[in-house]
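Participant: Below is the sequence, then the predicted model.
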Amino acid sequence: MSAISARGKKRPPEEGLSFLTTPLGVLPLNELVGVDLELFLGKRVAKKFGTTGVLIKMLDSKERLTIQVHPDKQFARAMLNSAFGKTESWYVLGGREINGEKSCIYLGFKEGVTEEIWSELFYTQDVIGMLNCLHRFEVNPGDAFIIYGGVPHAVGSGCFLMEVQEPTDYTMRVEKTTPGGLTIGDELIHQGIGEKNMLKCFHYDCYSYEEAKRRWKVTPMEMESSGTFTLKTIFNKSHTDCFALNELDLKGEMTLQGNGDFFVGVIYSGEGAMTCGGKDYSFTQGDEIFFSAAVESITFHPTVASKILLCYPPL
């Protein structure tokens, strides 16, 4: 779910945008929302952000992704002239071994890492040394992590994740060649701000493994349940004001109330129908649905037990 185009030279102008099927045809999400910000986003989000304020994607890593960091809001404002940084979250949906290695993530500096040590590893391109500076977590479906702007990280191979994040693709990378052998250009390394400034994007806070786990691994909590459904919160205002993510497990009928803001539903599994505004719509695994702020309630009628991921805008 994206209302912004991808950055980069010579890229297709609509790359990165989401498209929606509507009664008027297939339209880019940003164009549809732009017709009436309050109708689609809600008065609060329209007034405060003027855009969705959130980016949602699914990620399936065939190989380990490069070690990177995203800016926090302060760095993004000062160096990139952006109101948004890129705090993000990972909700692990699946995983598989690749070349005998279990799916894992790398997150946060171990104790003793300094800017001088990190810079030296970057300039010498000691990738093994950089990976050894980061905590490694083996992951399983249901694991959840919050990745604040400034915290170094990498996704290992074989991870299937939902990412909910601030709506930018500002990414600072410290590997000049991907694990698969592709060369990464300077613009994708430092986003045009230079290598020295890029290295300032990192927060050089160091923690033990247990402290890192306590700070960044999130335990989903049950909000409401009955014989027909369970609603859990994954990420909420206790973690960040940048977005929220809930998980709805359906065995039978359930009515979900709107709150005046838009939200997005991703059908992770199952199928059935939903009633909204007196009309019925079908849903099936893989569907991604944009619910306008004008939607007051939706009643789900699963014909197969379903899991729906519900993504919400910033506060």
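Facilitator: That came through, no problem.

Participant: contacting residues for Glu187?
Facilitator: Glu187 makes contact with 8-9, according to C-beta atoms under 8 Å, 6 or more residues apart in numbering. All C-beta atoms are positioned from the backbone trio N, CA, C, and that covers glycine.

Participant: Kindly state the pLDDT recorded for it?
Facilitator: If you check Glu187, the pLDDT there is 87.

Participant: moving C-terminal of whichever helix or strand it is part of, what's the next helix or strand?
Facilitator: Element membership for Glu187, per DSSP states H and E: helix 186-190. Later in the chain than helix 186-190, the nearest helix or strand by DSSP H and E is helix 195-200.

Participant: How about residues contacting that next one?
Facilitator: Helix 195-200 is contacted from outside by 75, 79, 115, 118-119, 122, 172, 189-191, using C-beta under 8 Å, 6+ apart.

Participant: Closest one of these to Thr255?
Facilitator: Minimum distance to Thr255 across those is 42.3 Å, recorded for Phe75 (C-beta to C-beta).

Participant: Pull the number of nearby residues for the closest one.
Facilitator: Neighbour count for Phe75, taken as other C-beta atoms under 10 Å: 24.

Participant: Please enumerate the helices of the stretch 101-250 of the chain.
Facilitator: Using DSSP state H, counting those that start in this stretch, the helices of the stretch 101-250 of the chain run over 115-123, 127-132, 186-190, 195-200, 209-216.

Participant: How is this structure divided into domains?
Facilitator: Under the assignment automatic domain parsing, the domains of the chain span 13-52+220-315, 53-218.

Participant: now these in CSV, with distance to Met1?
Facilitator: Converted to CSV, the domains of the chain look like this (distance: least, C-beta to C-beta, whole Å):
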stretch, distance to Met1
domain 13-52+220-315, 5
domain 53-218, 4
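
Participant: mind checking which of these is nearest Ala3?
Facilitator: Ala3 lies closest to domain 13-52+220-315 among these, at 4.1 Å (C-beta to C-beta).

Participant: Can you say which of the contacts of helix 195-200 are buried?
Facilitator: 75, 79, 118-119, 122, 172, 189-191 (16 or more other C-beta atoms under 10 Å).

Participant: who does the longest strand seen in the chain touch, helix- and strand-wise?
Facilitator: The longest strand of the chain (DSSP state E) is strand 297-312. Packing partners of strand 297-312 (3 or more C-beta pairs under 8 Å, 6 or more residues apart in numbering; DSSP states H and E): strand 244-250, strand 254-257, strand 263-276.

Participant: one step back: can you tell me which of the helices of the stretch 101-250 of the chain is nearest to Glu271?
Facilitator: Glu271 sits nearest to helix 209-216 of all those, at 34.1 Å, using C-beta to C-beta.

Participant: Check the offset of that closest one from the chain's centre.
Facilitator: Averaging C-alpha positions (C-alpha atoms, centre = their mean, to the nearest Å) puts helix 209-216 20 Å from its chain's average.

Participant: which residues sit against it?
Facilitator: Contacts for helix 209-216 (C-beta under 8 Å, 6+ apart): 107-108, 110, 135, 137, 145-148, 151, 207.

Participant: Would you mind writing the ChimeraX command to select the buried ones in those?
Facilitator: Listed next is the ChimeraX selection for buried residues among the contacts of helix 209-216, using 16+ other C-beta under 10 Å:
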select :107,108,135,137,145,146,147,148,151,207
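
Participant: Looking at the contacts of helix 209-216, which is nearest Gly258?
Facilitator: Nearest to Gly258 among the contacts of helix 209-216, with distances taken as C-beta to C-beta, is Ile146, at 25.5 Å.

Participant: gap between the closest one and Gly286?
Facilitator: Between Ile146 and Gly286 the computed distance is 26 Å (C-beta to C-beta, to the nearest Å).

Participant: quick one: which of the contacts of helix 195-200 is nearest Ser5?
Facilitator: Using C-beta to C-beta, Gln191 is the member of those that lies nearest Ser5, at 15.1 Å.

Participant: Tell me who's in contact with the spatially closest residue to the closest one that is not a sequence neighbour.
Facilitator: Closest residue to Gln191 apart from its sequence neighbours, by C-beta to C-beta, 6 or more residues apart in numbering: Tyr170 at 5.8 Å. When contacts are counted by C-beta under 8 Å, 6+ apart, Tyr170 touches 7, 70-71, 76, 80, 82, 85-86, 191.
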